[in-house]
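Undergrad: what's the 3D shape of this:
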Amino acid sequence: MEEKISSIKALLKETEDANLGAFIQMYQDDERSGVQKIVVSARKRLNKLEAEKARIEQLKFYEKKYQDYEFICGIDEVGRGPLAGPVMAGAVILPKDCDILYINDSKKLSEAKREALYEEIMEKAVAVAIGVNTPERIDEINILQATYEAMREAISNLSQQPDLLLNDAVTIPEVTIRQIPIIKGDAKSISIGAASIVAKVTRDRLMVEYDKMYPQYGFASNKGYGSAEHIEALKKYGPTPIHRRSFIKNFL
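TA: You can find the predicted model right below:
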């Protein structure tokens, strides 16, 4: 009895990326037009997968260039621009044979994709750490210095000390480990991209919690950035304890 086309379609939906080749081989000789359409869909999916694997290999350029270093750590920050909430830094050491696909600059990914990648990074990374600096500290020493402090904290929180740091754009003062600053590094290095995802997901989750404490400001959606809704609430209700006083003086 011939397999139903609807069953084959459902099977493709359930087929994992690694098994796409076998799926195509199984059905490519089935001459029914409906099955051939499904095979074409499977081939498109496989081509996209191969393209993504090639992109990820390119994203390992710096990791391969410095492969003599055993533990290469990507560093990135999130939250330099918001009016409220902390600045955070992520530090991630990935394994040499890292097979995580779809890593990119966290801002280029959907929230759902970032969340899924966060879980995979946490599961597969050699070491992951976060550094945080408060709104009070940002006001006290300025955002750049507060960011550097968060980055140093993230490095010191790692369970494995790195041999080399790949940083998104900056050179961190007071760090003795060799550093390679890379402009737009979160889109050019898999390690920095992973760090940007970890930092953003961690900070976004925290801002969602702050939204429950201060619901008028829309922190769950704006994450502390100066949206029209946020600025309006700031003028109406005044600042919360998590606002950066040095950032909001023009709105009060």
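Undergrad: Flag every buried residue along the helix or strand containing residue 246.
TA: Using DSSP states H and E, residue 246 maps to helix 245-248. Buried positions in helix 245-248, judged by neighbour count with 16 or more other Cβ atoms under 10 Å: 247, 248. All C-beta spots, glycine's among them, are computed from the backbone N, C-alpha and C.
Undergrad: average model confidence for that helix?
TA: In this model, helix 245-248 has an average pLDDT of 97.
Undergrad: measure stretch 151-167 end to end?
TA: End-to-end distance for stretch 151-167: 10 Å, by Cα to Cα, to the nearest Å.
Undergrad: ok now the helix holding residue 246, how far from the chain's centre?
TA: Its chain's C-alpha centre and that of helix 245-248 lie 27 Å apart, by Cα atoms, centre = their mean, to the nearest Å.
Undergrad: where along the stretch 1-150 of the chain do the strands fall?
TA: Per DSSP state E, counting those that start in this stretch, the stretch 1-150 of the chain carries strands over the ranges 72-78, 87-93, 127-133.
Undergrad: Redo those strands as TSV? Include mean neighbour count, mean pLDDT and distance to residue 194.
TA: Shown next, in TSV, are the strands of the stretch 1-150 of the chain (neighbours: other Cβ atoms under 10 Å; pLDDT from 0 to 100; distance: least, Cβ to Cβ, whole Å):
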stretch	mean neighbour count	mean pLDDT	distance to residue 194
strand 72-78	30	98	6
strand 87-93	30	98	4
strand 127-133	21	98	8
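Undergrad: Among the ones you listed, which comes closest to residue 184?
TA: Comparison of those against residue 184 by Cβ to Cβ identifies strand 72-78 as nearest, at 10.8 Å.
Undergrad: Show me what that closest one pairs with in its sheet, parallel or antiparallel.
TA: Pairing partners of strand 72-78, with direction, according to DSSP bridges: strand 87-93 (antiparallel), strand 164-168 (parallel).
Undergrad: next helix or strand past the last one?
TA: If I follow you right, that is strand 164-168. Downstream of strand 164-168, the next assigned helix or strand under DSSP H and E is strand 178-182.
Undergrad: What is that following strand packed up against?
TA: With contacts defined as 3 or more Cβ pairs under 8 Å, 6 or more residues apart in numbering; DSSP states H and E, the packing partners of strand 178-182 are strand 164-168.
Undergrad: who touches the strand it packs on?
TA: Counting contacts by Cβ atoms under 8 Å, 6 or more residues apart in numbering, the residues outside strand 164-168 that touch it are 62-63, 66, 69, 71-77, 151, 155, 172, 175, 177-182, 184-186, 189, 191-192, 195-196.
Undergrad: how does it look with 6 Å?
TA: Outside of strand 164-168, the residues within contact range by Cβ atoms under 6 Å, 6 or more residues apart in numbering are 62, 66, 69, 72-76, 177-181, 185-186, 189, 191-192.
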